[in-house]
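> Provide a 3D model corresponding to the input given below.
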Amino acid sequence: MGAGDRLRFFLEYLSLRALHFLLGRLPAFPGRGVGRALGRAVGLVARKRTRVASENLALAFPEESPSRIRAWTRAVWSDLGAGIWEFARLGRLTAEEFQKEVRVIGENIFSRPTPREKAWFSSRDTWAIGNTPPGRPPSRGFRCPPSPEE
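Okay, here's the model as predicted:
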């Protein structure tokens, strides 16, 4: 890797850190919408990854129409952007905001001793993240927006 590559990667890193910082300071409106728009923009720029996602969905769901597959692929990028906004604001929540906005489900699975650390992330207005060494309490839990019935 040459000096030009290192400089480019460093500038990309700084840009993404700045974007993460700014996204994390946006309230729910317009934050979620901005995140979704950014995710859709990435999907337009990352054509190769979008094509691979569409091909994989078409293989997994051969009965679905091409237009439906394209819609799902666009939705993945949109949901990823919303999830990135959620993740960016996570560190800024106060204990009171966390209690009000976040419902922890299945916290007991983090306290079981396991030989490896756990880490995962998912989107679609729900996220789950954990990075818990064996025998320690969870560093993060599950975020689930309140259901309409609640």
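
> after the longest helix along the chain, which helix or strand is next?
Ranked by residue count and defined by DSSP state H, the top helix of the chain is helix 66-90. Toward the C-terminus, helix 66-90 is succeeded by helix 95-101 as the next helix or strand (DSSP states H and E).

> go through the longest helix of the chain and flag the buried ones.
Neighbour counts using 16 or more other Cβ atoms under 10 Å place 69, 73-74, 76-89 of helix 66-90 among the buried residues. The way it works is simple: take the backbone N, C-alpha and C, and place the C-beta from them, glycine included.

> what's that helix packed up against?
In terms of contact count using 3 or more Cβ pairs under 8 Å, 6 or more residues apart in numbering; DSSP states H and E, helix 66-90 is assigned the packing partners helix 3-23, helix 28-45, helix 47-60, strand 127-128.

> ok, residue 35 - contacts?
Neighbour list for residue 35: 23, 81, 82, 83, 84, 85, 86, 88 [criterion: Cβ atoms under 8 Å, 6 or more residues apart in numbering].

> at 7 Å instead, please
23, 81, 82, 84, 85 (Cβ atoms under 7 Å, 6 or more residues apart in numbering).

> what's the most distant pair in these?
Farthest-apart pair in these is 23 and 82; separation 10.5 Å (Cβ to Cβ).

> OK, contacts around residue 43?
So residue 43 contacts 50, 74, 77 (Cβ under 7 Å, 6+ apart).

> can I get those in a markdown table with pLDDT and distance to residue 27?
Putting the contacts of residue 43 into a markdown table (pLDDT from 0 to 100; distance: Cβ to Cβ, whole Å) gives the following:
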| residue | pLDDT | distance to residue 27 |
| --- | --- | --- |
| 50 | 92 | 30 |
| 74 | 90 | 25 |
| 77 | 90 | 22 |
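
> show the pLDDT at residue 48.
Here, the pLDDT recorded for residue 48 equals 93.

> would you check how far apart it and residue 1 are?
Between residue 48 and residue 1 the distance is 22 Å, computed by Cβ to Cβ, to the nearest Å.

> could you do residue 44 as well?
Residue 44 is 28 Å from residue 1, by Cβ to Cβ.

> where does the chain dip in pLDDT?
Residue ranges of the chain with pLDDT under 70: 102-150.

> 50 - rerun?
Scanning the chain for pLDDT under 50 picks out 117-150.

> so which of the helices and strands packed on helix 66-90 gets nearest residue 100?
Of all the helices and strands packed on helix 66-90, helix 28-45 sits nearest to residue 100, with 12.1 Å by Cβ to Cβ.
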